[in-house]
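Engineer: sequence first, predicted model second:
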Amino acid sequence: MRAHRRYGWDRVLLASGSGSAAPARAAAPPVNGAGKNGEPESPALKVITTRHPGRWVAAAVIAVLLAMVASALITNPAWEWEVVGEFLFAPSVLRAVVFTLELTALGIVFGFLLGTVLALMRLSKNPLLSSAAWGYIALFRSIPLILQLLFWYNLALLYPRLSFGVPFGPAFFDIGTMDLIGPVTAAALGLALHQAAYAAEIVRAGLLSVDHGQREAAAALGIPRTRQLLRIVLPQAMRSIVPTAGNEIIGLVKGTSVVYIMALPELFYQVQVIYNRNGRVMALLLVATIWYLVMTSVMSVAQHYIERHYGKGRA
């Protein structure tokens, strides 16, 4: 008789001369049709895998779509690839790429430093610290980034001069707001403060993902709280922090394009200046697209290796 069994998605056909299914045999075919003790050898089991025609249809559809996209990019002269090649490595564009990376670095470094402090405040048992951190996060996540940048850029309209001294007391010296907070400073400040609100929640979620028993064990060994955080809790929390933080960093690279409203020479603003001068709109937009793709791809690769580093030992 024949019996059918399913293992996962594959169907295995078992054949035997008795009522029970015979196990699979890896031996070579019998010689002269005789097996052990002269008994007839059962034929080798045949494994029949399940067909997946839908996969091949989907793959064919995707291949056709990719071919159509490639054909549209290559054969359409309106893309002006020669203009793209001319401006892709133009000195002004390269300087704009470097400035975009600088703004991203400033926003990420100061944003995550402040975000870590805010996360610790959120986790504090002091209600004032926890409430202040919650209010900051709620406020800066609610206001669009472009409004925050405009606010810091026009801060001099509210406070023409900034004084430094004893709170509610005498001022030691003051300085003009425009002299202290220029366009670049305003852009970096706006990006960092905006990013800190999101970084705080990312870090807080990572810290909460570490089992509380880790802290209890470290406290039982007499390890100081700062050392517990830096050497025990934070390395384990990085497993949860890195993936989301990587997404935020990649998002900030693209978010720096918002500072074009402040006439800062980042990538998007620079290609606008060029195509307003020569009228090659699509070609210059493609130049910006390629550079954004390159920057985000490099960061994605770096994120992969960082995740793999902190994921060591995970089952």
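Structural biologist: Thanks, I have the structure now.
Engineer: okay, CA-based contacts and neighbour counts for the rest of this
Structural biologist: Will do.
Engineer: quick one, strands of the stretch 1-150 of the chain?
Structural biologist: Here the stretch 1-150 of the chain has its strands, by DSSP state E, counting those that start in this stretch, at 2-7, 10-15, 46-48.
Engineer: least reliable of the ones you listed going by mean pLDDT?
Structural biologist: Mean pLDDT per stretch puts strand 10-15 lowest among those, at a mean of 40.
Engineer: run through who's touching stretch 87-97.
Structural biologist: Residues outside stretch 87-97 that contact it (CA atoms under 8 Å, 6 or more residues apart in numbering): 265, 266, 267, 270, 271, 284, 287, 291.
Engineer: which residues sit in contact with residue 284?
Structural biologist: By CA under 8 Å, 6+ apart, the contact set of residue 284 is 83, 84, 87, 271, 272, 274, 275.
Engineer: for those, pick the one with the most neighbours.
Structural biologist: With neighbours set by other CA atoms under 10 Å, the maximum within the contacts of residue 284 is found at residue 271, which has 24 neighbours.
Engineer: surely that residue meets residue 285?
Structural biologist: Yes: assessed by CA atoms under 8 Å, residue 271 is found in contact with residue 285 at 6.8 Å.
Engineer: so the residue nearest to the spatial centre of the chain is in which element?
Structural biologist: Compute the mean C-alpha point of the chain, and by CA atoms, centre = their mean the closest residue is residue 247, 2.0 Å away. Assigned by DSSP states H and E, residue 247 belongs to helix 234-255.
Engineer: can you point out the buried residues in that helix?
Structural biologist: Buried positions in helix 234-255, judged by neighbour count with 16 or more other CA atoms under 10 Å: 234-246, 248-250, 252-255.
Engineer: swap in stretch 150-166?
Structural biologist: 150, 152, 153, 154, 155, 156.
Engineer: for stretch 189-207, same thing?
Structural biologist: 189-204, 206-207.
Engineer: which residues in this protein form helices?
Structural biologist: 53-75, 81-88, 91-122, 127-142, 145-153, 177-180, 183-208, 212-220, 225-227, 234-255, 267-278, 281-310 (DSSP state H).
Engineer: among those, which is nearest residue 161?
Structural biologist: Evaluated over the helices of the chain, closeness to residue 161 peaks at helix 177-180, with 5.0 Å, by CA to CA.
Engineer: circling back: now the two most distant members of the buried residues of stretch 150-166.
Structural biologist: Largest separation among the buried residues of stretch 150-166 by CA to CA: 150 and 156, giving 11.2 Å.
Engineer: residue 49: which of the contacts of residue 284 is nearest?
Structural biologist: After measuring the contacts of residue 284 against residue 49 - CA to CA - the closest member comes out as residue 84, at 49.4 Å.
Engineer: for the closest residue to the closest one other than its chain neighbours, give its distance to residue 254.
Structural biologist: Leaving aside its sequence neighbours, residue 84 sits nearest to residue 283 (CA to CA, 6 or more residues apart in numbering; 5.4 Å). Computed as CA to CA, to the nearest Å, the residue 283 to residue 254 distance reads 19 Å.
Engineer: low-confidence ranges, this protein, go.
Structural biologist: Residues of the chain meeting the criterion pLDDT under 70: 1-42, 313-315.
Engineer: let's see 50
Structural biologist: Counting by pLDDT under 50, the ranges of the chain that qualify are 1-28, 31.
Engineer: the residue nearest to residue 84 reaches residue 85, doesn't it?
Structural biologist: No: using CA under 8 Å, residue 283 is not in contact with residue 85; the gap is 9.2 Å.
Engineer: more neighbours, the two?
Structural biologist: For residue 283 versus residue 85, the count of surrounding residues by other CA under 10 Å is larger for residue 283: 23 against 13.
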